[in-house]
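Visitor: the following block contains a protein sequence and its predicted model.
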Amino acid sequence: METRILIVGGAGYIGSHVNKYLNDHGYKTVILDDLSYGHEASVQWGDFVQGDMADGQLLDKIFTKYKIIAVFHLSAFIAVGESVQKPGMYYSNNVAKTVSLLEAMVRNKVDNFVFSSTCAIMGDPEYLPIDEKHPRNPINPYGWSKFMVEQILKDFKKAHNLNSVVLRYFNASGADPSATIGEKHHPETHLIPLVLDAAIGRRESISVFGTDYDTPDGTCVRDYIHVNDLAQAHLLSLEWMLKNQACNDFNLGNGTGFSVKELIEVVKSVTNKDVTVVESGRRDGDAGTLIGASNKAHEVLGWKPKFDSLEVIIKTAWDWHQDMSFKSS
Ligand code: UDP
């Protein structure tokens, strides 16, 4: 039986790019997604199973039918503001269901796991750029839920010898240059697609959440990393884990920060469109500046981001975004 990677959440934004990347690099995949947020049409590679990651019987079936060598988990709820309003929903999906998934892996003797974590586990940074040693101090339930799973993975290594690589994304952005898959959330809460919507006229304006942060122009600073560069890190993590049979963790960013206002200017210049900006109050749970240090991923994994300018990243998002509503996804 040929080996497969199980991508949980493979119909989502990052999951669909990881799926394409793995298939482009000779791996075979199975996608498990409940389609609560993902799009079936984004699953253009591998076998698709619609279902819940906490459905033990379904997982037992998948692990019996396919020879799964690793599970990639990209099936978390991701909206910081919503996590503050609805913490139960976030702990239930992001923590409790992940435990069920891990238990199914243990039961079926599948012992390699790549986990999508987040720089949000670090909270308000004590220093910049944020490396893997930075103290953990989540400031919203989303960040806490990811931090809890990171701890659970350490416990599963001790108890069950389950290997895992934790990948802490900074701000995932852009789209595959083919423009066949891209970012499309319902409802959309992320800055780049919302600014692109304003540029294209699908919304009247973009709200800037907070202009009184301790940053050069008062707006939040983020490190935008292309989704295919994240996908590359997943593949390298898999190869590292299969070779070393151990656990590791990596922060994944470009190491350069852009403020919300700077990003809007880049969108205007890439799209050649004007954007109406409305300054509004801070959003609950937002840190002022998040910039990543990824030296460890460069050194240990040999990770080399290819999309290192915000212009190029936004161009790929724009190519997808202009007619995404007419695409199948
Ligand atoms: N943001 C904003 N207006 C919006 C959406 C987001 O000003 O309509 C800001 C948000 O406060 C944050 C940055 O843009 O500082 C990136 O937010 P996003 O939700 O894209 O990603 P996050 O950093 O929360 O993971």
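Guide: On my side now, so go ahead. Residues are numbered from 1 along each chain as shown.
Visitor: quick check: residue 97 vs residue 145, distance?
Guide: 10 Å (CB to CB, to the nearest Å). Using the backbone N, CA and C atoms, a C-beta is placed for each residue, glycine as well.
Visitor: what residues does this structure have near the ligand?
Guide: 80, 171, 189-191, 194, 206-209, 220, 222, 260, 283, 286 (CB under 6 Å from any ligand atom).
Visitor: make a PyMOL selection of whichever of those residues turn out to be buried.
Guide: Buried residues within the residues of the chain next to the ligand, by 16 or more other CB atoms under 10 Å, are selected in PyMOL with:
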select buried, resi 80+171+191+194+206+207+208+209+220+222+260+283+286
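Visitor: can you give me the strands in the stretch 1-150 of the chain?
Guide: 3-8, 29-33, 47-50, 67-73, 112-118 (DSSP state E, counting those that start in this stretch).
Visitor: quick check: the residue of this protein nearest the ligand.
Guide: residue 220 (2.9 Å; CB to the nearest ligand atom).
Visitor: ok, which of the strands of the stretch 1-150 of the chain comes nearest residue 198?
Guide: Residue 198 sits nearest to strand 112-118 of all the strands of the stretch 1-150 of the chain, at 25.6 Å, using CB to CB.
Visitor: that closest one packs against which elements?
Guide: strand 67-73, helix 141-160, strand 163-169, helix 227-244 (3 or more CB pairs under 8 Å, 6 or more residues apart in numbering; DSSP states H and E).
Visitor: only C-alpha atoms, please: export it in PDB.
Guide: Provided in PDB are the C-alpha atoms of strand 112-118 (Å, rounded to 0.1, in the frame of the first residue of the first chain):
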ATOM      1  CA  ASN A 112       4.200  11.600  13.300                       C
ATOM      2  CA  PHE A 113       2.300  14.900  13.700                       C
ATOM      3  CA  VAL A 114       2.800  18.400  12.300                       C
ATOM      4  CA  PHE A 115       0.800  21.000  14.200                       C
ATOM      5  CA  SER A 116      -0.200  24.500  13.000                       C
ATOM      6  CA  SER A 117       0.500  26.700  15.900                       C
ATOM      7  CA  THR A 118       0.800  30.500  16.000                       C
END
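Visitor: strands paired with it, and their directions?
Guide: Within its sheet, strand 112-118 is paired with strand 67-73 (parallel), strand 163-169 (parallel), according to DSSP bridges.
Visitor: tell me which of the ones you listed is the most buried.
Guide: strand 163-169 (a mean of 25; mean count of other CB atoms under 10 Å).
Visitor: give me the distance from that strand to the chain's centre.
Guide: Mean-position distance between strand 163-169 and its chain equals 11 Å (CA atoms, centre = their mean, to the nearest Å).
Visitor: avg pLDDT for it?
Guide: Strand 163-169 shows a mean pLDDT of 98.
Visitor: what's it in contact with?
Guide: 14, 111-119, 121, 132, 150, 153, 156-157, 225, 230, 233-234, 237-238, 240-241, 244-253, 292 (CB atoms under 8 Å, 6 or more residues apart in numbering).
Visitor: quick check: what element follows it along the chain?
Guide: The element immediately downstream of strand 163-169 (helix or strand, assigned by DSSP states H and E) is strand 171-173.
Visitor: partners of that next one in the sheet?
Guide: Looking at strand 171-173 with DSSP bridges, its partner strands are strand 224-226 (parallel).
Visitor: list the contacts of the partner strand.
Guide: Residues outside strand 224-226 that contact it (CB under 8 Å, 6+ apart) are 169-174, 192, 252-254, 258, 263, 292, 305-307, 310, 312-313, 316.
Visitor: can you check stretch 243-250 too?
Guide: By CB under 8 Å, 6+ apart, stretch 243-250 touches 117, 132, 150, 153-154, 157, 163-168, 233, 237, 240-241, 294, 296-297, 300-301, 303.
Visitor: could I have the helix or strand bottoming out on mean pLDDT in the chain exported to CSV, CA atoms only?
Guide: Every helix and strand of the chain was ranked by mean pLDDT, DSSP states H and E. The lowest is helix 80-85, at a mean of 91. As requested, the backbone C-alpha atoms of helix 80-85 are provided in CSV (Å, rounded to 0.1, in the frame of the first residue of the first chain):
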residue,chain,number,x,y,z
VAL,A,80,-8.7,36.2,17.4
GLY,A,81,-11.6,38.5,18.1
GLU,A,82,-14.2,35.7,17.9
SER,A,83,-12.1,33.6,20.3
VAL,A,84,-12.5,36.4,22.9
GLN,A,85,-16.3,36.5,22.4
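Visitor: buried ones in that helix?
Guide: For helix 80-85, by 16+ other CB under 10 Å, it's 80, 82, 83, 84.
Visitor: kind regards, and thank you for your time.
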